[in-house]
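Student: Let's see this in three dimensions:
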Amino acid sequence: MKRPRTLRAHLTLFFATSVLGTLLLYGGAVVATLAWGEWRERQVELSAPRDAQHPREDEAGLFDEAFQALGAMALMAPLAAMGSLALGSALARRALEPLREASERARAAQASQLDLRLPVRGNQDEWDELATTLNSLLAEARTSFERIRAFTSDAAHELRTPLTVIMGEAEVSLRRERTPEEYRRSLGIVLDESQRLARLVDELLQLARADANSRVEDTQPVDLYALAQEALERTRHHLTARPPSLALELTGAPTVVHGSPVLLSRLLDNLLDNARRHAHQRIRVVLSPVGREVQLTVGDDGPGVDAAFQPRLFERFARADSSRSTQGTGLGLALSRGIAQAHGGTLDYERADSESRFIFRLPARQEPSGSPLPASCASPGKTTA
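Tutor: Numbers count the residues shown, from 1 in each chain. Okay, the predicted model is just below:
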């Protein structure tokens, strides 16, 4: 027997088989009941005294009623089969109508835009539940697709800029013989752009890893105060060639949190690098417990972020300087917020008391008393680098 190829044919055959099976079972039970009743009645008559027995007119008609019921079933079975097939086909067609509509919408949708939404009939049935779930997944996929497309476009633009500078500088230098000073200047430009390109690629990789892992799973106890001290020391090395020097302050005490020391160091470096590029005289880092959280604030006395730009401050490749002439890649703050969220924390910005503050909050770790700290601990209080 050839198996049905469509889901509708499967459902129709299943429905018809179920109906016929039920009828046969019911008919068999009726026939058996009738036959048993007649046999029981005959046994009662035979066990009675001979003078009390009533002679039957037709001794051969023992199961007549059962045979009549069986004949009626045999006569009605084909009609029941055709009726169940027709009814099953109609029910299957109605049940599968949303699937057919979803298939037509999927066929018409543009794969590049994922502009697909499955029909929800409002019956609150299994199909509506499935369609609602899939529509939610499709909406998230569309959002991710748009974000990836924008990210790819911005990344291509950012990667192309230093490459264009490197190629242009090399072509100009090779057009004629140059003095050693001119070659040195050109190589300096190529080196600067190459370093910017390497930094950009590194941050793109970090962002890709942050997107792949929504939460950091390989965590360990980390002293956030010690990490801040180390980050301030690295910032101080960057400031040696910048007159006038900035005052670097760190306030707080050794505080242990759960996290990745590499990623948390990167977050601190990004925030301090951003503050270093905008501060006038001072960069201040404050570490303090706030309820069940640890709060680390990086503040500077720079001009602050324009209010109109603040909603886009943590977006990738977002820069307040539309000319993109600043040193940053436009990824540092986005990467820092991604790291904060990967640790179950937050990163926000506020302007208060003529100070720009990036506030990093992280769940506090319940450290057993007497447990040693894994990282080098500094003395609590206030230090100036």
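Student: Need the three-state assignment for Phe151.
Tutor: Assigned with DSSP: H, G, I helix; E, B strand; the rest coil, Phe151 falls in the helix class.
Student: That one and Glu158: what is the separation?
Tutor: Look at Phe151 and Glu158: by CB to CB, to the nearest Å, they are 10 Å apart. All C-beta atoms are positioned from the backbone trio N, CA, C, and that covers glycine.
Student: Now tell me what touches stretch 122-138 from outside.
Tutor: Around stretch 122-138, the neighbours that count as contacts under CB atoms under 8 Å, 6 or more residues apart in numbering are 98, 102, 114, 116-121.
Student: Recalculate using a threshold of 6 Å.
Tutor: The contact list for stretch 122-138, computed with CB atoms under 6 Å, 6 or more residues apart in numbering, reads 98, 116-118, 120.
Student: Looking at those, spot the one nearest Thr17.
Tutor: Comparing the contacts of stretch 122-138 against Thr17 with CB to CB places Pro98 closest, at 24.5 Å.
Student: Which residues are in contact with the closest one?
Tutor: Taking CB under 6 Å, 6+ apart, we find Pro98 in contact with 119, 127.
Student: and it, what element?
Tutor: Per DSSP states H and E: Pro98 is located in helix 97-108.
Student: swap in Ala66?
Tutor: Taking DSSP H and E as the definition, Ala66 sits inside helix 64-95.
Student: That helix: how far from the chain's middle?
Tutor: Remark: helix 64-95 is offset 52 Å from the chain centroid, using CA atoms, centre = their mean, to the nearest Å.
Student: Which neighbouring elements make contact with that helix?
Tutor: helix 7-47 (3 or more CB pairs under 6 Å, 6 or more residues apart in numbering; DSSP states H and E).
Student: Identify the residues contacting Leu118.
Tutor: Under the criterion of CB under 6 Å, 6+ apart, the neighbours of Leu118 are 102, 131, 134-135.
Student: Give me the neighbour count for the closest residue to Asp273 other than its chain neighbours.
Tutor: Sequence neighbours aside, Gly332 is the residue nearest to Asp273 in space, at 6.5 Å (criterion: CB to CB, 6 or more residues apart in numbering). Gly332: 21 surrounding residues under other CB atoms under 10 Å.
Student: My guess is Gly332 contacts Asn270. True?
Tutor: Yes - between Gly332 and Asn270 a contact is recorded at 4.0 Å, counting by CB atoms under 6 Å.
Student: pLDDT weak spots in the stretch 201-350 of the chain?
Tutor: Scanning the stretch 201-350 of the chain for pLDDT under 70 picks out 203, 206-217, 240-244, 319-329.
Student: And the helices in it?
Tutor: Taking DSSP state H, counting those that start in this stretch as the criterion, the stretch 201-350 of the chain contains helices spanning 224-238, 261-278, 332-342.
Student: could you dump the shortest one to PDB, C-alpha only?
Tutor: Spelled out, it's helix 332-342. Extracted C-alpha coordinates of helix 332-342, given in PDB (Å, rounded to 0.1, in the frame of the first residue of the first chain):
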ATOM      1  CA  GLY A 332      35.600  51.100  23.900                       C
ATOM      2  CA  LEU A 333      32.400  52.100  25.800                       C
ATOM      3  CA  ALA A 334      30.300  49.600  23.900                       C
ATOM      4  CA  LEU A 335      32.800  46.900  24.700                       C
ATOM      5  CA  SER A 336      32.900  48.000  28.400                       C
ATOM      6  CA  ARG A 337      29.100  47.900  28.700                       C
ATOM      7  CA  GLY A 338      29.200  44.400  27.100                       C
ATOM      8  CA  ILE A 339      31.800  43.200  29.600                       C
ATOM      9  CA  ALA A 340      29.700  44.700  32.500                       C
ATOM     10  CA  GLN A 341      26.600  43.000  31.300                       C
ATOM     11  CA  ALA A 342      28.500  39.700  30.800                       C
END
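Student: which other helices and strands contact it?
Tutor: Counting contacts by 3+ CB pairs under 6 Å, 6+ apart, helix 332-342 is packed against helix 180-212, helix 261-278, strand 346-352.
Student: if you compare these, which one is most tucked away?
Tutor: Stretch with highest mean neighbour count among the helices and strands packed on helix 332-342: helix 261-278 (a mean of 21; mean count of other CB atoms under 10 Å).
Student: Just list what that one packs against, helices and strands only.
Tutor: If you count contacts as 3+ CB pairs under 6 Å, 6+ apart, helix 261-278 packs onto helix 224-238, strand 293-300, helix 332-342.
Student: Centre of the chain to the helix holding Pro98, how far?
Tutor: Counting by CA atoms, centre = their mean, helix 97-108 comes out at 26 Å from the chain centroid.
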